[in-house]
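Participant: Pasting the sequence and the predicted model now:
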Amino acid sequence: MDQHEFEEIFKPWGIVHSNKDGIIEVLGLPDAFVGEVLTFDEAGTLIGFVATLERKTIKVVLLGDEKRVFEGDVCVSTGHALSFKLDWSSLGGRVVDSLCNYIEEDHYYPGLREEIYADGSVPYSRRYVEADAPSIISRQAVNDTL
């Protein structure tokens with residue numbers, strides 16, 4: 001068994017302690033960090049992100065149907081911060097929500113820029129939801145008095 005297989009089998013997990021209006025309290029996951037994505041189903045379609053870290057529990061904001069999560073359920077850590085993929089082939093001309101899920105599948109607005117590399121792949125980048133604010137432009141200090 002190599003390192004990658006070991007990490008896939010033994011991912012960090014926690015137990016759902018309570019579910020209050022989509023705010024999930026989870027026991028366990030001592031290495032979780034704020035903004036980390038957790039999955040609440042085997043397919044990885046029901047996700048949430050860590051909002052607060054407390055001494056014995058963490059609180060997770062669920063990004064989906066809270067009626068699918070019950071006390072005693074297992075959630076699995078992904079080790080990744082909440083982000084979304086930006087690429088023009090799938091997003092260009094589409095109406096999406098804040099997590100880049102299509103709002104209207106049947107509407108497509110062509111004419112936006114689409115780039116394709118020579119090998120047929122499409123350029124994309126990942127954008128983190130919790131990102132640092134841009135820094136203030138550095139300038140020379142003011143030395144003259146009024």
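Facilitator: On my side now, so go ahead. Residues are numbered from 1 along each chain as shown.

Participant: Which residues are in contact with residue 33?
Facilitator: Residues in contact with residue 33 (C-beta atoms under 8 Å, 6 or more residues apart in numbering) are 50, 53, 81. Every C-beta, even on glycine, is put in place using the N, C-alpha and C of the backbone.

Participant: Which members of those residues are classed as buried?
Facilitator: Among these, those buried by neighbour count (16 or more other C-beta atoms under 10 Å) are 50, 81.

Participant: Sitting in strands, which of the contacts of residue 33 do you find?
Facilitator: Secondary structure defined by DSSP state E assigns 50, 53, 81 of the contacts of residue 33 to strands.

Participant: quick revisit: out of the contacts of residue 33, which comes closest to residue 32?
Facilitator: Of all these, residue 50 has the smallest distance to residue 32: 5.1 Å, by C-beta to C-beta.

Participant: Tell me who's in contact with the closest one.
Facilitator: Residue 50 is in contact with 32-36, 38, 58-60, counting by C-beta under 8 Å, 6+ apart.
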